[in-house]
Structure formats: C-alpha cells, structure tokens
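1. Sequence first, then the predicted structure:
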There are 4 protein chains.
Amino acid sequence: MFKLDLHPAGRHFLQIPGPSPVPDRILRAMSYPTIDHRGPEFGALGLKVLDGIKKVFKTSQPVVIYPASGTGAWEAALCNTLSSGDTVLMYETGHFATLWKKMAENLGLKPEFLGLPGIEGWRRGVQADMIEKRLREDTQGVIKAVCVVHNETSTGVTSDIAAVRRAIDAAKHPALLMVDTISGLASADYRHDEWGVDVTVSGSQKGLMLPPGISFNAVSEKAREASKRATLPRAFWDWNEIIEMNKQGYWPYTPNTNLLYALSEALDMILGEGLDNVFARHQRLAAACRSAVNAWGLEIQCADPAVYSPVLTGVMTPEGIDADAVRKLIYEHFDMSLGTGLGKVKGRMFRIGHLGDCNDLTLMAALSGCEMGLRLAGIGLKGSGVAAAMDYLTSHVAKPALKAAA
Amino acid sequence: MFKLDLHPAGRHFLQIPGPSPVPDRILRAMSYPTIDHRGPEFGALGLKVLDGIKKVFKTSQPVVIYPASGTGAWEAALCNTLSSGDTVLMYETGHFATLWKKMAENLGLKPEFLGLPGIEGWRRGVQADMIEKRLREDTQGVIKAVCVVHNETSTGVTSDIAAVRRAIDAAKHPALLMVDTISGLASADYRHDEWGVDVTVSGSQKGLMLPPGISFNAVSEKAREASKRATLPRAFWDWNEIIEMNKQGYWPYTPNTNLLYALSEALDMILGEGLDNVFARHQRLAAACRSAVNAWGLEIQCADPAVYSPVLTGVMTPEGIDADAVRKLIYEHFDMSLGTGLGKVKGRMFRIGHLGDCNDLTLMAALSGCEMGLRLAGIGLKGSGVAAAMDYLTSHVAKPALKAAA
Amino acid sequence: MFKLDLHPAGRHFLQIPGPSPVPDRILRAMSYPTIDHRGPEFGALGLKVLDGIKKVFKTSQPVVIYPASGTGAWEAALCNTLSSGDTVLMYETGHFATLWKKMAENLGLKPEFLGLPGIEGWRRGVQADMIEKRLREDTQGVIKAVCVVHNETSTGVTSDIAAVRRAIDAAKHPALLMVDTISGLASADYRHDEWGVDVTVSGSQKGLMLPPGISFNAVSEKAREASKRATLPRAFWDWNEIIEMNKQGYWPYTPNTNLLYALSEALDMILGEGLDNVFARHQRLAAACRSAVNAWGLEIQCADPAVYSPVLTGVMTPEGIDADAVRKLIYEHFDMSLGTGLGKVKGRMFRIGHLGDCNDLTLMAALSGCEMGLRLAGIGLKGSGVAAAMDYLTSHVAKPALKAAA
Amino acid sequence: MFKLDLHPAGRHFLQIPGPSPVPDRILRAMSYPTIDHRGPEFGALGLKVLDGIKKVFKTSQPVVIYPASGTGAWEAALCNTLSSGDTVLMYETGHFATLWKKMAENLGLKPEFLGLPGIEGWRRGVQADMIEKRLREDTQGVIKAVCVVHNETSTGVTSDIAAVRRAIDAAKHPALLMVDTISGLASADYRHDEWGVDVTVSGSQKGLMLPPGISFNAVSEKAREASKRATLPRAFWDWNEIIEMNKQGYWPYTPNTNLLYALSEALDMILGEGLDNVFARHQRLAAACRSAVNAWGLEIQCADPAVYSPVLTGVMTPEGIDADAVRKLIYEHFDMSLGTGLGKVKGRMFRIGHLGDCNDLTLMAALSGCEMGLRLAGIGLKGSGVAAAMDYLTSHVAKPALKAAA
C-alpha cells in the first residue's frame, strides 16, 4: 500500500471541518464487496438509504443522491432550475459562498452578491433584512433564486435559514430558495420542509461522517416545477430520470455502491443516536471549544454569538502571526490537521473542526494540541483554554454517554 | 450493517461486465482513514496516482480524475470542448453509444448517429470507412467531433480505434476524436497518444477493479485548445483549474480521497503485473469463454471475430428463450450475477464479464454456473462449454501464474 | 504490508480441509477495535458466544473456549481428566488420530492404539465393535478413557460416534468418551449431549470459518467429576476457573478478543442459516465432489460409503503418480491449494476441502482446477468429473439458495 | 455484527496497560485472507516474522511463537525447563508475579516467593540483593530457576533485569533466569542476550500492538539444555519440534495465521520507527503522565523513580476513595477505559496505559479524561495535571514527529 503514514506512532487527529474522521463502522461497511447495481440486493439498499436520508434533511420530498462530491451538487441545484442569463441573489458569508457565486458566473448566470462590507461579512450570518430589501425592489421578478450558505465552513458561522425564508415571504417574492448545508447537515439542525427550502445542497464528508464522493439535492415541488422551464444544459445532474428510477431503489447510471454502504451505516448511526442528541452533542462540544478560545484570549472568527457554528470554530491569530505557520507547527509536532484560513482570511485564522464522530476526549486532545502549538509558536496566551474547556465540560455534564447495556 | 447477504453461504460470483469484483487489496486500501485533502500526505498521493494513471492510458498528456462516476466523464468530454448546437458524429455500437448520443442531445448538441442498420450494428465494431465517407462529405467542417465507444459493454465488441484515427486523417478532417473506453481501459490495449485520441473517457469500476465513483478524461493538446473556444457552460467538469492544481497533487474541490487510495493500490497491482500481461490474461480468458459458448451451440453477440471483446462475452439465447429468466434462475440457484441484455437486445442475450481481477478458476466457476443454469432452464445445448473451456485453458497454458518467490 | 500475493490476478482458491476460507463478514468482524476484556461490552460479548457455541455442539453443558489453536484443546481434554500413567484407548483412523496418540504418550499416558491393519484403517471409520470387545476385556477398569476422531481430516472419513457410545454402554465400562471433531463441527452433524460424549475437542478454522487461534472443550458432568481426581499438571488448560468466570462472560486470563468477534459473527451466520441447512449443504457438495472423483476413475480414500466425510474428499492418485507433484502443478497453474497426503498416505493422495463457506460454483471451480491439473500432469482420466458434478448438482437442486428478500 | 458500540459517538479511548489500541494498519493486515499454512507463501511469512521478532527481543537465539495468549507462554517457560517438585525462586513485584507463582504451584513446582513486606513490594522493583542473598544460601543448588517480572503491569514498575543477572552471577548459582516481559517488550528496552536471560516470556497485545492471541518464549542454549532433563509433561508447549520446523518457516500444528500477518505488520512498524525511538517515545509520554499525577497531588504507585514504567502509570486514589468508582465514572462520561487495581491494591489505584500506538494528543486526551473524572468524583486536586503534562511535552519537544516526506 502507498505509504501514507508519515507519522511514526499513534492516531492522526483530523480536526479540519471536513472531511471529518470516518468511524471504523463506516470504513468496514464501505469494504463490503461491490454488488450488481441492477440486482435485488441493490434495490433494497437503494430504498433504504433514499428513505433514511430524507429523515436527515427533515423532508418528505425527494432527495437526489449523486455519485459525485459536493461541488457537483452545487452545480446540480443551479442547472436543474435556472436558464442562461438568469439573475440569482447570493449572499457572501465567506469563501464557500464566494465559490458558489463564481460557479454561477461560470455557468452563465448573473449572480448579485449581497453582503456586509469587507471582512465583516465573513464574521456574521446572512442578514435576512438585506435580502428582503433587495427582493422588495425586484418588482419585475428578475431574481430567480436566492442562494445562501447555511453553515459557512470557511468561518464557522451558521446562518438562520428560517429568517431568510421569512424575508422572501415578507417580500412576497417568487424566487426559489436554495441553501448549501454541505457542512451543516447532520451536525446542525436543518429543516428542508419546515423552512420552505426549494433546493438543499449537501455532501457526505462532514456530519454524515463518510469519505467524500456522494452529494445531495433535496428538492421541493416548486423546484421541480422550475426545472421544467429551466434551460441550462443538463444530463448527469438532471433530477428527473434519477427521481423516477429511485422509486425502485435504482439509478439511471452506475451509482457509488460502496459509498452507499457507508451511507447506510451512517444513517443507522445517526438515526440510532437520534438527531436531537446529535445536535446537542455538537452544541456542547462547540461551546467547550469556544470557551477555550476565549480563555486563550484569541478572537473567534464568528462575531455574532447567535450564529456560532456547532460544526467548527474559526480562531483568529494575533496581528502579525501567520496562522498557517502555527498550523504547520502543530501538524509536525502533534500530528493534528487543522483547517486553514481561506480567501480573505488566509493566514489570519485557523479552523478547529468538532463535527461528526467527535466526543469529549477527542476535543480535549485537539485543544491540547492547539494550546501546545500556540505556545511553541511563541504566542502569548491569556490563559489555558484546555482548563476552560474542562471546566465547561464538567459543569455541563452530558447525560452519561453510555447506552443502556445492549 | 444493512443485511446484504441474501445468500446463505459462499462467495457471490459477480460476473457482470462491471462493476467488476474489487480485490481485497483494494478494499483494504480504501479503508485507510480519510486524510486532509490539503495536507502533505495527500499531495504525495495525488502526484502518485496522476502519474500512474497516465501509464495506463499510454499518454504523456494530462489525465483529469473526477470524483464522479463514468457518465459524468462523458459529460465532461463534451462540455469542455463543444458549444451549443455543435454537430458531433457518433457511432452506434450498442446501448452505451446510444446513451452517450442521448446525453449529447440533452446538452444541446446535434449528434449524427452513424451505424449499420438494425441489430447488425450491435454485432460489429465501428465501421471506420463510414466515418471517413461522412467526414469527406463535410467540406464545411460542420462536424466538430467524432465520438466512438472502444469497448461496447452492452454487446462485447471492441472497436479498432486506430482505424478511426486513420479515417479522420484520410478525410483530412479537423474534428476532435473522443473515445469512451470506460469498460476497456486496463483490460484491452489502449493507446491515447499513439492513436491520436483527443479525449478519452474512462471509469473506475471495470479493468481498474475499483468500486464506481471515479472517472477520467485523458486530454490532448488539441482538445485543450478547443476548450478555449467551447461555450457549453461548465464548472464542476472544467479541466483547466483541475489540471493546474494537479501539478502539486491537489484538486480545486474535495477529491474522492478513499477511492484515490484504491486507485493507488490498483495501479500498483496493474503496473506490477505489467500491462501486456494483463491484456494477455484477458485475451486468454475471453477465448476460453467463447470456446464454451461455441460448444453450447449458442451464438456470440459479436459477429466479427476481429473485434471480440477481451472484457465480456455476449451470449444470445435461442429464439423464444427469455435471457433474463435464465439470468434470474442462475442468480437464484448459483449465486452468480450476469449482465442483462440492454436496449435493442433486451431479453435476447446475457453477458458474461471476465474482466479485472479474474483468473482461470473464477472463469470456470462462471461457465459452470451458466451451463447448469442453461440446462435447468431446459435449453438444449449442443455440448459442454465447460469441457471446451477446460480444453482451451489446458492447451493454452499460461506461463505459470505463480510469481517467483517474493 | 508483507507481500503475500504471489499470484498476479484473481482470488486464490483455498480448498484445503481447513483452515477454510474466512468469509468477508468474519474478517470485517475481526477488525473491530480491541476492547477492554474486563469492561461491560466484553462481558456481553462473552455471554453471547458462550451461549451460541453450545447450540453448535448441541449441548447444555459448559463449552470452554481457549485462546489457543486446536492442538491445545487436545491437551486440555487429556490433562483435565487423566493422571500420569493412565491407560487410554485410542483408535487409529488416520494421521490426526495418530498425532493425538503421540501427544498422549508425551504427556505420560499409556495409549492403546486400536485399528484395522495397514492402510485399511485409514480408509474406514472407527470400528465400534473392536472398542466394545476391548472394553469388555478390561474388567479391572484400567482404561480411563476412549478417544476417537469424529471427522478424520487426513482421510475424509466421518466415524459414527453414537455407535462408539453404544459400544461403551454395551460393555458397561466406566471410561470417559473423548471425541475430536476439530474438522467436523458445524459441517457434520454432532451431538455432544445426545451421544453422551464427555469431552469434545474442536477448533475454529474449519466449519466455524474463523482463522485458527481458538479451540474448544465441551465438557460433561462426568468429565468434570473426573477432573477432581486427575493429577496431570494443568494451569493454562484448567477448566474450573474458566468455567467459573465464564458465568459472567469473562475469562481468568486475556482472551482472544478479536477472534471472539469473529466467533460471534460466525455463530450469527451458522445459526442464521440453520444447522440442518448447513449440514445438508455440506452433504450435497460432498456428494457432487465424489461423483467427480468417480467419473475421473480415481479412488476415493474413504472405502466405506456409510462414513464418507461431508467436509473433505480424499482422492487417491494412480500407482506411480506423486500426488504432491500434482498438487504443486495445480497450485502453480490454477492458484488453488489442496490438502497434501499425510503420514501413511503421503504422496499417494490429495484432499479437496468443501467445508465452511462453500457453495456450488466454488466447488465447480475447485473440481475444474483438479481436472485440468490432472490432465496437465498426464494422468489418464476415465471421464469428466466436472461434467459428473454438474449432473449431480442439477439433478439434486437445492432449494433456491436465495433467501426471501430481506 | 454483534453490537459492541455502547457509546454513541467518537472513538473509545483504550488506555488500559494492554491490550493496547491496535493500529488500523495492523487490523487491516489481520484481515488478509487466511492461507494454507503448508504452502510457500506461509513459509515466507513465517521466516520473516521469526527473524524480525528476534530483533525485538535483542537475541540471536530462537524465539518460539505460540498460537496462544500470554499465560500460556508462562506455562511453556516452566514446563519446558523444570520437573515436578523443583524449587523456583520467584519475586513478588505485584499481581502478575503472584499469578505466575500460583501457576508454578498448580504445575507441581515449589516456588519460594521473595519480596518486600506488604504493599511495599508492590511499589518497588525487584531487589536483586535479596535474590543474591538467597542464592548464596542455596549451596546445594536446590533452586532451579529465578523468575522475575520485567514490567509489572499491575503496578507500573519496570525492574532492572541486568541487576538480577549480576546477582545470580555474583552468587555463582546455576539457576536459570526466566523473565516475564509480557507488557514490557517493544515499549521498554529489553536485551535477552546481553542480560543473559534463559527464557523470556512475552505476549502480543502490549507493545507489539496486536490483539491478544500470540505469545513468545525466547530461549537460551542453557534453557534448551535444561529442557532435555526437564520432566514436566509437555506437548503443545514443547519447544523442540517447533524450533525444528521453524527453520523452514512452518509450525508443527496450525499456527495463528492471521495474527502472524498482524505481527509482520507490527514488526515493520516498530523496526521502521527504530527501537530506540520507540523507547524514547514511551519514556517521554510516561514522564508527561507522571508530571500530571504529581500536579494533581496524587501518589504514583511506583515509589522508586529509578524503576518508573514507560508502559503505564499507577495512580493511587486518596484514602477513602474507591478507585473503581472513579474508573466507572470516567468510563461512562468520557468513554475511556482505565486499568483497575488488582489483588492487594484493588480499589486503591487505577492504571493509565501509555504504551504501543500512543502519541502526545492521545495521552493528553487520556489525562483530560482522568482530570475531569477525578473532579466529577469530587476529589480535591492540588492542581491541573493536564497543564503540567502540556508543560512537560512542550519543554521536552520530541524531534518533530513528521517523517521526511516519503
């Protein structure tokens, strides 16, 4: 096997905000022998995962599963619903919102990019009132869709999607609502139907705890109606044939069989734990992480506590400190991967992932690695973040993690 | 884990023409923990597989690896090089050629579909003279690309791509040559550079022995030039940013990490065995399989011995016999999956895959299952195909399969 | 990883009479992370496997599981029940019976070795009348135990244990009955309680489909009584402390945790299929195998059809043919391992295993490999064994192997 | 699969002093298909592991590998070298020394049990002067062997074996020196040849990072000589036939094939890292762990800094605190397993394992779990052990853990 073990001993700590660590259960499931994607076992598998994934999106409408990574699902959302030259209102929450906007341009759409000025927009959630205002102005209905990112992976901000829905409704605007929750799904609460989202885009390698390679579009009736008029060329991403064949548990082209095994296992794990328990666990770990950052005296990238992400925490390094040099030092000394600062915040922050298959001691390991690395980098810390996180965790005891004996 | 073991004992025989059985070595490689796709280990992995895959395509030009299944790579080939309304000359070798043509239509291209009439075209390879004739007529250069399938998975015909190249050259036509060798690569000889192919499309789940989920475009300089003028919208499939970032071993968006582990292992296996040995092994097994079909007195779908496929053999059932009922009987009694007849030949034939990680005894098991199933189905056989295959294998002894002691 | 793949392509066929091929399900189960053998999860695992294994032995009495291979369980049976100098009546069915006798000598016991003269005893089962006669002569009760092998792995003979029980009873002799069914358990019917066996010895790597490394003693009340008086030194093998701690699901010393995961999975598979179905499957495959040997015109090692083994078939090569040279040729050309002739029959026969996770097509592959190898070795065969086996299998159709849809 | 995941999310921290966490590389190696233990691949595997394991024991003499867990290797050491009624001088370092003495009694030997009185002996290493004194008294040579434990797993004390050797030599006594380094091997420096040990006993599930199920006897020439005169019954454990067959890489009975794959991989890892690096890593982590215990104001079980164990640290809980209640609380809240107090110290201490595949952040996770658990248990701590450990690790920077790019 290709030598990937550059570190001599012990487990690598993968604390980036995705891909998140894939649990052994899922790795084992993924190694089940590949089967005939036209045979009866496959149909049973297909129906199971198509049903289970709806529960995670909190929808009773179709969820399309693509044998492609998340960026593809962004494209699918756009090309199934829009036509060349259509105006879409997008909101700049950070690097990934910016990339989605760039994709819209590449596909021949006309994105308008709302947002707070400068770095400020990258530290706060979607400002629904700005969206409402813009939509009210659009009396001609030029805007065909509103596109926002639920959990902005580049910053650690989880926007209020229900508020965006209310803004669109308040403006009485017919635009579609399209939401990227690639890094939010199955870590932060998400409600495709209740929030009236038309297309929700997500991926496998975050809260679902899979390796990358599968992505999703949850699709409303209104979105499917729009798809009938949309003229952007589409074939691989086309919803219709997939949704039709999914009724029997199959796909029109070769699906990603072994990742569907993994998805099946992940659904068993997530729905077995209970979505509410999953969300509460993420909130608790995220709060402990923030208490550490506060204790260090460093700034949290997200400036609005109402929209702190349960998935990751962005940590700003002091002026003059290259965050990537700190990351590299931590990687080399403590065998831990942290997320880099992207785009506008490159070199100014690093990101700690605490999503997916994470628990108290994994977080403590991660925070210890950060604290030791920050010290080795010569950064003066106000206090011990590790101590603060332990205080938080012991004063917010989770109901004992042990299940009743099987 | 989701119960996929519908059969009580023993190993399932997956003898469809892809996905092919994934070797244990590759399943194990795939279960290596997911790593940071921005970290140094990943870069080393990326460079390794990007280099190795070129050897399999026999090219020194870029090979783009997509985190998507093969159908996506078809789309990539078209949308990177063509513009809405462009005429493309496609050739009907079977079901997959037909699907590719349908995709071209969906993307707004104008495919012309050459081919022999009726079922005849599905029993022979690409007729290069028909292509030459058509291109000579196109004095205006309306045709922008010639698209052919190398190994037609639906029939078991491996067309002569060098002949297509010569036809284009003879017609002095500037069209691009685009070839689908999704099921041919790493099983049948293929020479991207020598044959002057501009875009070669392939996938993971056939000769490469991986699970589905990765696909490829090998790209010529001429194709990259064409991409500068091509105006079909593209983002996910766009070659340029990928090729640029690949120089360091990375991808612009999240790659399919665990399948790249699998690809790395597959390259070690294939290049370790030696491409010529791999091809010879496939040819020998295919010949043994055909000797069985002949002995049964059944017709081979491919009517031209010059283009028999080393990957799979299509077997026509006698008039009045539903091939799918035979397949079902074999599946239920002998725990083996065979390929179904697709499109025009549905119910009239079944397909035996003998590609990828196959050896003499696996083929004999497959042929035994077919012979017993044909007998249980009440089909009168002229003789024993199993006996004929054993005759072939013992009279064409491979150089001993055992490697020199490690 | 150490390169063990000496063969370039395809799956190796492991058709020795044990270790038998380990199913993927079991290999995956075995890779579950090692846990604390004193923690609550372990206790639950321990109770589960201790309960399930009793069903396989058909006993309600304790089954001791050793973290050691089968030879150790032979020693355990002897040293828990006997004292230095004790006479034991052993019966020569073949090589393994001979090895057990040699072990008895090494431990300071006095084995008497009954059996038919010469090679004849290696072609027939235990002659219970000889045992009865000898026990009747032993009016002083000098003989402390009768030791027989249920399924003699070196020859392919499955003796009638109930008859041995009847012989002991008829002689009204107090000796313990100790039976080795290392290669018979979970392949051939076995009834520890009903047959009045005092100690049954078995192992993991045959019908249980595990890798080697776990072995068993099923223990009667009478055997436990005997253990109170037995004075052979014992510590690791001592039943008492193990049986005591097993009540809570634990062991006095570190158990073989990962192989217990495998055992748990194997029990799910075997009890899920149903013991009677498992036995019927073995009988059918063994009959098909014998029909092949007969068709070849070769002799089956077992000369008494009443005691043909469902586990393996011994095949005698014609006078002057070195069976091991044939095995080597088959190994090198067809990537299949067959069992060698052992002891008295070395070089005169080879053994085909058809036990454990075997099905129709795996057997057909094995027989094809044998037939091709015998032909390449220049041995004149009377006819095609492969054809005969297909005749047998198609005329003795198993109830369809497919389970009802899950 | 049997549900062993009692914890809903994240990885369990197995911080007992063995079984230690099995690295993924080893779990994967262990899942390689079981092969014929009489075939050529096996011979190559056997020779490789037999050669590699000698390097770990630092011996050029035979190392016998048993398909049995460590307790069996204790028995093997005794029964190969001694006769019923022989006197052996054993030294009480803790629970495992006591168990070995109990085994000696069970086997009919006469152990004399030296040691410091009461709990004191469980807090210090072997007192070589006491051994020397006793041997000098034994002018008749009644004592046949001196048996000591190198790393006492129940307490966290690593005795000075070279000093024991010197003591025997100083007394000019012919007794064999037998050493148990079940939990020390491959974590603490060990020199079978240089220290003149006659039999070294070890196991798989500690520093070698394997699951339990394999154990070892490294054997001197003098021990082999003694075995010729030793009369304790032996068969399974007998060295001679094993050593003889090992010359070709095989075993006289079925070896533990899949655990030998694991051993092969472990040897690649350990010898690849380099034994000196392995030992230094253990020393550094152990020192960090002790700095934490000191900071908490708790007492380390080992009272003599010269013999602190690099493998584990025993932590004494304050008077009146039930250490097992603390362990249970930590297990339930923080999903971590710690070692229990055994024998004389039951309920008075717990044990933190930091052996095998351990690194800085895993240790920090473990110490965080301990510190939070101790606080939740209401135990007043003097200070933060976690902070102290971070101080230690950052002021004793390991040479960067990252290997040079592969």
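-> Alright, I've got the coordinates.
2. Is the longest helix along chain A positioned near chain D?
-> In chain A, assigned by DSSP state H, the helix with the most residues is helix A:275-296. Yes - residues of helix A:275-296 contacting chain D under CB under 8 Å from any CB of the partner chain: A:Asn277, A:Val278, A:Arg281. Quick note: C-beta positions are derived from backbone N, CA and C, even for glycine.
3. Let's have those in a markdown table, adding distance to chain B, neighbour count and pLDDT.
-> Shown next, in a markdown table, are the residues of helix A:275-296 next to chain D (distance: CB to the nearest CB, whole Å; neighbours: other CB atoms under 10 Å in any protein chain shown; pLDDT from 0 to 100):
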| residue | distance to chain B | neighbour count | pLDDT |
| --- | --- | --- | --- |
| A:Asn277 | 21 | 15 | 95 |
| A:Val278 | 20 | 24 | 96 |
| A:Arg281 | 21 | 22 | 96 |
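4. what's the nearest residue to the closest residue to chain D within the stretch 251-400 of chain A if we skip its chain neighbours?
-> Proximity to chain D, evaluated over the stretch 251-400 of chain A using CB to the nearest CB, is greatest for A:Asn359 at 2.8 Å. Leaving aside its sequence neighbours, A:Asn359 sits nearest to D:Gly10 (CB to CB, 6 or more residues apart in numbering or on different chains; 2.8 Å).
5. How about A:Asn258?
-> Nearest residue to A:Asn258 in three dimensions, chain neighbours excluded: B:Pro211, at 4.0 Å (CB to CB, 6+ apart).
6. sec struct for the one you found, please.
-> Under DSSP: H, G, I helix; E, B strand; the rest coil, the three-state class of B:Pro211 is coil.
7. from memory it sits against B:Asn258, does it?
-> No - the criterion here is CB atoms under 8 Å, and B:Pro211 misses it with B:Asn258 at 9.4 Å.
8. Mutual contacts of those two, please.
-> Each of B:Met30 lies in contact with both B:Pro211 and B:Asn258 under the rule CB atoms under 8 Å, 6 or more residues apart in numbering or on different chains.
9. From the chain's centroid, how far away is the strand or helix carrying A:Glu41?
-> Following DSSP states H and E, one finds A:Glu41 within helix A:40-57. Distance of helix A:40-57 from its chain centroid, counting by CA atoms, centre = their mean, to the nearest Å, is 21 Å.
10. Next: stretch A:236-251.
-> Chain-centre distance of stretch A:236-251: 24 Å, with CA atoms, centre = their mean.
11. for that stretch, which positions count as buried?
-> Neighbour-count burial for stretch A:236-251, with 16 or more other CB atoms under 10 Å in any protein chain shown as criterion, is recorded at A:Phe236, A:Trp237, A:Asp238, A:Trp239, A:Ile242, A:Ile243, A:Asn246, A:Gly249, A:Tyr250, A:Trp251.
12. quick one: which of the residues you listed is nearest C:Asp86?
-> A:Gly249 (64.6 Å; CB to CB).
13. so what's the closest one closest to, chain neighbours aside?
-> Excluding its sequence neighbours, the residue lying closest to A:Gly249 (CB to CB, 6+ apart) is A:Gly46, at 3.1 Å.
14. Quick one: name the residues of the stretch 301-406 of chain A near chain D.
-> A:331-336, A:357-362, A:364-366, A:368-369, A:371-372, A:375-376, A:384, A:386-387, A:390, A:393-394, A:397-398, A:400-403, A:405-406.
15. mind listing which of these are in helices?
-> Among those, DSSP H puts A:331-334, A:360-362, A:364-366, A:368-369, A:371-372, A:375-376, A:386-387, A:390, A:393-394 in helices.
16. Could you tell me what pLDDT the model assigned to the closest residue to A:Gly385 other than its chain neighbours?
-> Nearest residue to A:Gly385, sequence neighbours excluded (CB to CB, 6+ apart): A:Ala292, at 3.0 Å. On pLDDT, A:Ala292 comes in at 98.
17. and the gap between A:Phe216 and A:Tyr250?
-> 17 Å (CB to CB, to the nearest Å).
18. One more: A:Met30?
-> A:Met30 is 20 Å from A:Tyr250, where distance means CB to CB.
19. rewinding a little: enumerate every residue touching the residue nearest to A:Gly249.
-> Going by CB under 8 Å, 6+ apart, A:Gly46 touches A:Asn246, A:Gln248, A:Gly249, A:Tyr250, A:Trp251, A:Pro255, A:Leu260.
20. Distance check, it against A:Ala235.
-> Distance, A:Gly46 to A:Ala235, using CB to CB: 21 Å.
21. now the end-to-end length of stretch A:181-200.
-> From the first residue to the last, stretch A:181-200 extends over 7 Å; the measure is CA to CA, to the nearest Å.
22. Now do the buried residues in that stretch.
-> Along stretch A:181-200, these residues count as buried under the neighbour rule (16+ other CB under 10 Å): A:181-190, A:192, A:195-200.
23. wait, what's in contact with A:Arg375?
-> A:Arg375 neighbours (CB under 8 Å, 6+ apart): A:Leu381, D:Met390, D:Thr394.
24. Give me the distance between it and A:Gly369.
-> Using CB to CB, one obtains 11 Å as the distance from A:Arg375 to A:Gly369.
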